[in-house]
Structure formats: structure tokens, C-alpha cells
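Trainee: Sequence and predicted structure below; questions after.
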Amino acid sequence: MVAQAVFYLLAILTVGSAAIVAFSRNVVHSAFALLGTLVGVAGIYALLAADFLWVIQLLLYVGGILVLTLFAVMLTQGIADVSISNRAVGRAPALVISAVAAAVMIFAVFKTPWHQAAKVMVGPTTYGIGNAFLDTYALPFELASIILLAALIGAVVISRPIDRRTESPSEGE
Amino acid sequence: MQTLVDNLIASGMFGAHPPRDVIYGLFIFIFSLVVFLGVAFPFAGIVSWVERRVWARMQSRCGPNRVGPNGFLQWLADGLKHVCKEDLIPAESDETLFKMAPYLVILAFTLPWAVMPFSSSLILADLNVGILYMTSVTALTVVGVLMAGWASNDKWSLIGGIRSAAQIVSYEIPAGLSIFPVVLMTGTLSMQGIINAQGWAPWTWFAFSNPFTFIAANVLYISALAEGNRTPFDLPEAESELVAGFATEYSGMRYLFFFAAEWGNLFIIGAIITTLFLGGWKFPHVSNNPVVMNVLELITFNVKVLFLVFVSMWVRGTLPRVRIDQLMSLCWKYLVPISFVDMIGTALWLAIWPQGNSIAPWIMMALFAAIIVIFLGRVLHYFRRSRMELYLSPTI
């Protein structure tokens, strides 16, 4: 009973903040409302006994991605202007696309034979996740780290100031 | 705490068929109130007075000594003053965000107390991802600080907020990596699990168990000070350049919230280091009475944490503020590589000596003792050249 009440509170938090993200005319408000969505999702993970996942959700999404988003949004000029927000998209096509997407999703929800999981006590998941990464899913894990490494090197190359000494005189301005 | 509530329910205190969810909820509420109102906020208040007195002594001043014995009630007076002040909201500010920011900062300050291991049974919730939880919820502070900086609509606040975000995001990396050596050695993320892997004696603490963990403890302390916006890393609120940084436009209670959180965070920094590296609440088994043992453990934990809090005041009273480029180069060019080496080094150490090396702790402790002796020598040198009575009377 309490668990259900908590679930609905978290769902309201998640969906309500997501609505602010989508409908707010102020981009900074949208970015801050993302906090509610991410924390709400973390709470739902916690409710599902995914203990490692919900903390990682907080650590990476709130502590990392949200802060970087805010950083980028705040450093953009004239951010509080309405014109920067994507208001000008046509209403009619958006309505059609949303209606079709909603219909498909509702259809899928009612058509899928949902499995009712047996009520089991779920233990700690950290060991399992760690073992899976280094055992069954070692290759995808390593591939992901190579992609991240490439992104990191790319960021360094882009943000690095051009060294004037290595340039040939003809290219200098 | 869960075992205590389970025992109460089993003893039939709530009838034959107790509504478990409701009772758990009620007890979580009561325990949280006790921790926040009885420990966290009074600590933040009292430490503000202690800190001002300690700095004053370090800078040959008196400090607040009028309200109550030795000025002890100064923190209550300050709190009352801030409550009575007018709550100013700048006309051009973003009002909703401006009002919300202090609450986010306070939230980020209160959440870590849920896994604070005061003693073997005094812990609200021994999550099995405890230390990870602690580092991730403290990351919420940065959102509050950014919000305050932007909503004030003021250049000082914005620069302060952006600086704070850059600083916290950068220093989270060495802080997170310095936790890894201990996690590697214990194989658990739970606060009590990490403490139970250590003993009461200093040579069983992780700080001294090998050279890499010793360095990791220091890296973690430096990074934690930077994350808590403490001098020498208090660039987000550098008074000489940014008025009061992100808190420039705040007044009254909202201003107090920011600073209560900042002072209270000192306890959290100390508790993280104590848990990971200094043996937590471990005390020799001297009594079979669980109440006596818990009180002794509570005292042990608090003494260690308060010592670390004192060290941070000490650092704040003696070191000048760093520049922003020095701050960033310290983090990215020194602390991050050092913590990577620590991590790999600990892994190698564990591969060579899986059960731990019995000689290394003694060598580490000898080195530490040597540092202390050299330090004490310097202190005595200055003591001999100064007027002793000024330093030895604690109440001026």
C-alpha cells in the first residue's frame, strides 16, 4: 500500500517535471525541471530494488549530465528569450504525430502479455552487474570504453588552442 | 535501525497484526527528525562559532566572545537574527528558481545523513551501496548552487555559480577514484561493511594499509574540501572578487540555509574519510553491554570526525585562496593522474598480497609519525619565539 503510494508520487514527479521540460517557455526552467524527472526515475529504480542502478542514475545523470546541460544552457546568449525556445513548430503535424505515437503505444500496452513476476526478495545487484560486465558482456563493455576514450580524445583535440609555433608561415594569419 | 524496529514489532508493541509499512514509515520519520534537528543542524550552528573562534586565534584576534560563555551562544543569536531579517527577492530575479535553490542545497546536505554510521547499530539505513549513495546525493548541491547563481540575475552570482559547477564536477573525479582502492580491498560499498573490514587499531586502518591508500586518503580529503567550497578552494564565493558569489543576492533565512549546509558538510566530509580510511567507529571490545559499546563507538566516531573538521578549519585559517587556473591544474594535472595510479597500484598490491602485507602498515605508520614529529618541531619552534600565555589560555 505504502509502496504503491510512493510509486504514484514518484510517477507524478517524473511526468510532471517532464511536462515542464516540454512546455516551459524558458529553456533554463526546462533544464532545471529535468532534475525532477531524473530523480523520479531514480526513485522508481529504487522502488524496483535496483539498488546499484538508482545510485548510478543519480551520480551520472544528476551529478554529470544535468550539470553539463545547465552549464551549456547558461553559457548560451539570450537564453531567456522566447524565440530561442522551439515554439514555432507547426501545431497540426505535431498533433498528428503525437496521436499516432500515443495510439501505437497504448495498443502495445494492451496487446503485450505482461508477465506477473513472482514476489521474491531481491538481493544486492552490485556483484551480479560487476561479474556480468567482466564475464558475459566483456566485449560490449570494452567497446563502450573505446568509444568513450575516442570521445574524450576528440574533445581534447577540439578544445585545444592552436599551437602557433607548429604552423607553417603561409597558414598563419 | 531496522533490527530495532523489527524487535519492537516482534515484541507485540503494535498489536498482533501490525501494519509494517506504516510503522517503518513512522520510525523513518522520527529517526530523521532526531538526526536533523538533534545532530545535523545544531552541528552546523556550533561549528560556525567554533570555526570563527579558531580562525581568530590563528590570526591573533579574539573572535565572537560576548554572547554566552566564551561566545558559545553566538550561533543561536546569528540564527535568530537571520530568521528575523527581511526576505529580499530582487525584482529582476527569476522568483521561482530563486526561492527553490536554498531548499535544494539543504536537501543535498540532509540526504547523506541517512547512511551516516555513528556506531555499530546507530545508522538510519545501512544501504549496500552506502558510500556510492553518499557521493551521488552530495552532487545535488551543485544543481542548487547553479540555480541560485542563475536566478539571482546578477553577474557576481552567475560567475560564482558557474565556477562552483566547474569545480565540483572536476573534483568529483579524483574523489570518486579515491574511493575505489577501499572498495577494491573490501569488496563492498556498504558503510558498515567497510568499517567492519578495519579494526580499532591504527595499523588496521585502510589509511595505513599500503602507500596507495595513504595517498588516496589525502587526495580524497583535498577533493572533498574543494567540493565543499572550502578555502583554499572557495572560489565560488570569493569575497574579494565576487562579493559573496552565488549567495550575493540572498538575505535572511535563505542565506542561512546556504551557510548551514556549507558548515554541516564539514561533518559529512569528515565522516566519509573516517569511514573509508580511519576505521570508523571501531573500538576495542571492552564490555558485553551493547549500550555501553554503542556509546563508546559513537564517541570514537565523533572524535575522529571532529578532528578532521578541525583540520579543515586549520587549513582555512592558514592557506590563501588559489586562482581558478591553479585550481583546475591541481585537479586535472595532479590529483586525477595520482588517483588513477592509486587505483592501479592498489589492484597490483592486492594481486601480490591478497591477504594484506603485515609489514607495510608499520612502515606507513612510521612515516606518518615522522611527518608528525617534523611538524611538532616546527610548532615548538614558533612557540618558543612567541608569548606562550596567549596560546595556552583557551578563553580570551
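Mentor: All right, it came through fine. Numbering: from 1, shown residues only, chains lettered A, B, ... in the order given.
Trainee: from here on, contacts and neighbour counts on C-alpha atoms
Mentor: Will do.
Trainee: quick one: low-confidence parts of the stretch 101-250 of chain B?
Mentor: For the stretch 101-250 of chain B, applying pLDDT under 70 flags the ranges B:238-239.
Trainee: So is stretch A:49-58 next to chain B?
Mentor: Yes: Stretch A:49-58 comes into contact with chain B (Cα under 8 Å from any Cα of the partner chain), by way of A:51, A:52, A:55, A:56, A:58.
Trainee: Which of those ranks first by neighbour count?
Mentor: Among the residues of stretch A:49-58 next to chain B, the one with the most neighbours (other Cα atoms under 10 Å in any protein chain shown) is residue A:58, at 28 neighbours.
Trainee: need the contact list for that one.
Mentor: A:38, A:39, A:42, B:136, B:137 (Cα atoms under 8 Å, 6 or more residues apart in numbering or on different chains).
Trainee: same check, this time on residue B:252
Mentor: B:81, B:82, B:83, B:84, B:85, B:86, B:87, B:88.
Trainee: out of the contacts of residue A:58, which are inside helices?
Mentor: Using DSSP state H, the subset of the contacts of residue A:58 located in helices is A:38, A:39, A:42, B:136, B:137.
Trainee: List just the nearest of those residues to residue A:142.
Mentor: residue B:136 (24.6 Å; Cα to Cα).
Trainee: I'd like the distance between the closest one and residue A:63.
Mentor: Residue B:136 is 7 Å from residue A:63, where distance means Cα to Cα, to the nearest Å.
Trainee: Same check on residue B:215?
Mentor: 25 Å.
Trainee: same deal with residue B:6?
Mentor: 35 Å.
Trainee: Neighbour count for the two, which is higher?
Mentor: Between residue B:6 and residue A:63, residue A:63 has the larger neighbour count (other Cα under 10 Å), namely 26 against 13.
Trainee: who's in contact with the residue nearest to that one when sequence neighbours are not counted?
Mentor: The shortest distance from residue A:63 to any non-neighbouring residue, by Cα to Cα, 6 or more residues apart in numbering or on different chains, is to residue B:139 (5.0 Å). Counting by Cα under 8 Å, 6+ apart, residue B:139 makes contact with A:59, A:62, A:63, B:108, B:168.
Trainee: circling back to that earlier point, between the ones in helices among the contacts of residue A:58, which is nearest residue B:209?
Mentor: For the ones in helices among the contacts of residue A:58, the nearest to residue B:209 is residue B:136 (26.4 Å; Cα to Cα).
Trainee: Now that that closest one has come up, it's in contact with residue A:54, right?
Mentor: No: contact status for residue B:136 versus residue A:54: not in contact, 10.0 Å apart, counting by Cα atoms under 8 Å.
Trainee: Pop the domain breakdown of the chain in here.
Mentor: Because you didn't say which chain, this covers chain A. Annotated domains of chain A cover A:1-82, A:124-160 [automatic domain parsing].
Trainee: could you do chain B instead?
Mentor: Segmentation of chain B into domains, based on automatic domain parsing, reads B:1-84, B:88-357.
Trainee: okay, the ones you listed, which one's buried deepest?
Mentor: Comparing the domains of chain B by mean neighbour count (mean count of other Cα atoms under 10 Å in any protein chain shown), domain B:88-357 ranks first with a mean of 20.
Trainee: Around chain A, which positions in chain B sit nearby?
Mentor: So chain B meets chain A at B:21-22, B:128-129, B:132-133, B:135-137, B:139-140, B:142-143, B:146-147, B:150, B:162, B:165, B:169 (Cα under 8 Å from any Cα).
Trainee: need the contact list for the residue nearest the centre of chain A.
Mentor: For chain A, the residue nearest the mean C-alpha position is residue A:61 (6.3 Å; Cα atoms, centre = their mean). For residue A:61, the contacting residues are residue A:38, by Cα under 8 Å, 6+ apart.
Trainee: hey, which helix or strand in chain A has the poorest pLDDT?
Mentor: Within chain A, confidence by mean pLDDT, DSSP states H and E is lowest for helix A:67-75 among all helices and strands, at a mean of 81.
Trainee: what residue is smack in the middle of chain B?
Mentor: With distances taken as Cα atoms, centre = their mean, chain B has residue B:269 as the residue nearest its mean C-alpha position (2.0 Å).
Trainee: Quick check: phi and psi at that residue.
Mentor: phi -60, psi -50 (degrees, to the nearest 10).
Trainee: Also residue A:116?
Mentor: Dihedral angles (degrees, to the nearest 10) for residue A:116: phi -90, psi 110.
Trainee: State the pLDDT value of it.
Mentor: Here, the pLDDT recorded for residue A:116 equals 75.
Trainee: Check the one 3 residues further on too.
Mentor: On pLDDT, residue A:119 comes in at 70.
Trainee: And for residue A:80?
Mentor: Looking at residue A:80, its pLDDT is 57.
Trainee: same check, this time on residue A:83
Mentor: At residue A:83, the pLDDT value in this model is 54.
Trainee: Same check on residue A:140?
Mentor: 91.
Trainee: Counting by contacts, list what the helix or strand that contains it packs against.
Mentor: Using DSSP states H and E, residue A:140 sits within helix A:138-159. Counting contacts by 3 or more Cα pairs under 8 Å, 6 or more residues apart in numbering or on different chains; DSSP states H and E, helix A:138-159 packs against helix A:126-134.
Trainee: Contacts made by the helix it packs on with the rest, please.
Mentor: Residues contacting helix A:126-134 (Cα under 8 Å, 6+ apart): A:51, A:52, A:138, A:141.
Trainee: ditto for stretch B:22-41
Mentor: For stretch B:22-41, contacts defined as Cα under 8 Å, 6+ apart pick out A:2, B:5, B:110, B:113, B:114, B:124, B:260, B:264.
Trainee: ok, now stretch B:277-295?
Mentor: Stretch B:277-295 is contacted by residues B:117-122, B:182, B:195-196, B:198-200, B:202, B:204-207, B:213, B:217, B:271, B:274-275, B:296-301, B:304 when judged by Cα under 8 Å, 6+ apart.
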